[in-house]
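Student: quick one: sequence plus predicted model below, questions after.
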Amino acid sequence: MQQSLFGVVLPFGTDPTGRYLYRLAVEAFGLRPHAAGTSTTNHKVLPSCFLGLGDHVYPTGSPPHQQAHRNTDQSNVSTPSDDTSQNGWVFFQLGYLEALDSSKTPKPQLDKLPPHRDPTPHDIEEDWEETGFVVVARINSEGYTQGIYVVADLFPEIPGKDERKRVVGDNWGRPPHSDDKRFFCARVGRCLGDIWFLDSTGYVSDGGYQTQLVWAEKMEDEVELVLVEKAGQEA
């Protein structure tokens, strides 16, 4: 399980059968750009919590017949933050998507719960597992959300080390209830309000585990992630 920023975790829905529960472990830097070097641009670059998904660019290391259609000068070039063209889009990272198989989960230890509170999935900490996906918010040039997506993490952190390693082979992009069908990116809602429930005090409640998580608008092939230029400002 990845380390969450400030230890904050939030309900993030369930599969249609109710077997798998999902949660969001808040982390703004879960994904990294494919090209780890500096951006070849004269503009300032936004922090990597903002990344661009350029569906016109093939990832480095793609098959030769695909590389022939790729402009090799683009691997380090950032997507402008005001780019609303069909060439890709910009997103802000929200955190890791984790899953809990409720069919295999033991009951929480009730004696460790505060008085007068029923157990929730949060009380079963050790059984949450990584899905290999990061939840992101697609944003437009004005900063408004244009959808909530999950994006496969192809450079996961090595446990116990401050290092990342590229996933090899096809062992990626298969969340628990995907029928073993791989994808790189999928839309899961219009906004976080489609997934979360707020209780009477305005906080996210565990009712958020009742929302069915559906992988829509799936992008099956790997797409290169790039840094984002801060439009209109020279470095």
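Tutor: Arrived safely, thanks for sending.
Student: didn't residue 89 look like it was pressed against residue 53?
Tutor: Yes: the pair residue 89 and residue 53 qualifies as a contact (CB atoms under 8 Å) at a distance of 5.8 Å. C-beta: built from backbone N, CA, C; applies to glycine.
Student: out of the two, which sits in the busier spot?
Tutor: Taking other CB atoms under 10 Å, residue 89 and residue 53 do not tie; residue 53 has more neighbours (23 against 19).
Student: contacts only, for that one.
Tutor: 79, 88-91, 151, 185, 223, 225 (CB atoms under 8 Å, 6 or more residues apart in numbering).
Student: what's the spacing between it and residue 224?
Tutor: To residue 224, residue 53 is 8 Å away according to CB to CB, to the nearest Å.
Student: can you pull out the strands in the protein?
Tutor: With DSSP state E, the ranges of strands along the chain come out as 9-14, 20-26, 43-45, 50-54, 79-80, 89-101, 129-139, 145-152, 185-189, 216-219, 224-226, 228-234.
Student: lowest average confidence across the ones you listed, which one?
Tutor: In terms of mean pLDDT, the lowest-scoring of the strands of the chain is strand 79-80 (a mean of 56).
Student: residues near the nearest residue in space to residue 140 that is not next to it in sequence, how many?
Tutor: Leaving aside its chain neighbours, residue 140 sits nearest to residue 146 (5.4 Å; criterion: CB to CB, 6 or more residues apart in numbering). By the criterion of other CB under 10 Å, residue 146 has 16 neighbours.
Student: quick check: the gap between residue 146 and residue 16.
Tutor: For residue 146, the distance to residue 16 equals 25 Å [CB to CB].
Student: over to residue 138?
Tutor: Distance of residue 138 to residue 16, computed by CB to CB: 24 Å.
Student: quick one, which of these two is more surrounded?
Tutor: Neighbour totals were compared for residue 138 and residue 16, and residue 138 leads with 18 against 10 (other CB under 10 Å).
Student: so what's the more buried one bridging to?
Tutor: residue 91 (DSSP bridges).
Student: I'd assumed residue 88 was in contact with it.
Tutor: No: applying CB under 8 Å, one finds residue 138 not in contact with residue 88, separated by 10.4 Å.
Student: next up, the contacts around the residue nearest to residue 140.
Tutor: Contact analysis of residue 146 by CB under 8 Å, 6+ apart lists 89, 138-140.
Student: if you set the cut-off to 7 Å instead, what comes out?
Tutor: 138-140 (CB atoms under 7 Å, 6 or more residues apart in numbering).
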